[in-house]
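Trainee: sequence first, then the predicted structure, then my questions.
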Amino acid sequence: MSAGQIAALIAAGAFVLLVLLLAIPLLKLGRTLDEATIAIRKAHENSDPILIGANETITHVNTQLERVDGITANAQAVSGNVTALSSVFTATLGGPLVKTAALSYGISKAIRARRKKQEAKAQRPARRGKK
C-alpha cells in the first residue's frame, strides 16, 4: 500500500464517521417531526367539540341579547310615558300649586308678623296719663 492509498483510506473512514455523527441528529429530528404531526392531528380531532360548544354558546348569547333589546325598548317607552306624564302634571297643576304655595307662605308670614306685634304690645308697660 502506498501513502496515497492510506491517506484515501483514512479520509474514507473520517467521512463514514462524519456521516454517522450527522445521522443521529437527523433521526432524532425525524422522530420529533412525527410526534409533532401526531400532536397536530389530535388537536384537530379535539377542536371539533370545542367549536361546536362555542357555536352553541354564541347562539345562546344572541338569544339573550334579543331579550335584552326587548326589555330596553320597553324601558325606553316607559321613560317616554313618564316624561309625558310629568309634562302634563307640570302644565296642569304646576301653576296653581305654585300660586297656592305662595299664598300660604304670605298668609303664614302675615300671621307671624301680627302675633309679634301683639306680643310686643302686651309686653309694653301701660302708660298712665301725664301728671
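Mentor: Structure's in. What do you need?

Trainee: any idea which helix is longest in the chain?
Mentor: When the chain is parsed with DSSP state H, its longest helix is helix 3-89.

Trainee: which element follows it toward the C-terminus?
Mentor: With elements assigned by DSSP states H and E, the helix or strand that comes after helix 3-89 is helix 95-123.

Trainee: can you give me the buried ones in that next one?
Mentor: Neighbour counts over helix 95-123 (16 or more other C-beta atoms under 10 Å) mark no residue as buried. Backbone N, C-alpha and C define where each C-beta goes, glycine included.

Trainee: from the contact counts, what lies against it?
Mentor: Using 3 or more C-beta pairs under 8 Å, 6 or more residues apart in numbering; DSSP states H and E, no helix or strand is in contact with helix 95-123.

Trainee: can you give me the pLDDT of the residue nearest the centre of the chain?
Mentor: The centroid of the chain falls nearest to residue 65 when counting by C-alpha atoms, centre = their mean (14.6 Å). For residue 65, the model assigns a pLDDT of 93.

Trainee: do residue 56 as well
Mentor: Note on residue 56: pLDDT of 94.

Trainee: tell me how far it lies from residue 50.
Mentor: 11 Å (C-beta to C-beta, to the nearest Å).

Trainee: ok so, going back, run the chain-centre distance for the longest helix of the chain.
Mentor: 26 Å (C-alpha atoms, centre = their mean, to the nearest Å).

Trainee: tell me the confidence at residue 88?
Mentor: On the pLDDT scale, residue 88 gets 85.
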